[in-house]
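A.B. asks: Below is the sequence, then the predicted model.
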Amino acid sequence: MSPTGTGPVVGVDLGGTKILTRLVDPSTGRADGRVKAKTPAGPGAVLDAVVDTITTLDGWETAEAVGVGVPGDPAPDARQDMPQVE
């Protein structure tokens with residue numbers, strides 16, 4: 001499936017203590033569903049938790065894209081210490 005720009009997208013807020021995931025309609029800005037989980041320790045566990053929060057959302061299968069927000073400086077040469085994902 002190629003993105004058409006008209007379907008919903010998944011937004012993931014990956015923080016040091018929690019992961020919050022929503023399904024958003026970009027044409028209206030309406031956010032449906034909300035899944036929240038504690039951020040576990042370890043990179044594999046974090047990835048698994050992100051996938052779990054996404055696949056728990058009703059309608060996630062229709063999403064055309066996933067965006068992930070993480071804390072820290074967006075500069076490419078910057079590094080943000082997050083013990084859970086190191």
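C.D. replies: Okay, I see it.

A.B. asks: Can you report how many residues lie near residue 33?
C.D. replies: 15 (other C-beta atoms under 10 Å). Backbone N, C-alpha and C define where each C-beta goes, glycine included.

A.B. asks: show me what contacts it?
C.D. replies: When contacts are counted by C-beta atoms under 8 Å, 6 or more residues apart in numbering, residue 33 touches 22-23, 57-59.

A.B. asks: Narrow those to just the buried residues.
C.D. replies: 22-23, 57 (16 or more other C-beta atoms under 10 Å).

A.B. asks: Show me the shaky parts of the protein.
C.D. replies: In the predicted model, the chain carries pLDDT under 70 at residues 1-5, 73-86.

A.B. asks: ok, back up a step: ok, of the buried ones among the contacts of residue 33, which one's closest to residue 35?
C.D. replies: Nearest to residue 35 out of the buried ones among the contacts of residue 33 is residue 57 (C-beta to C-beta; 5.7 Å).
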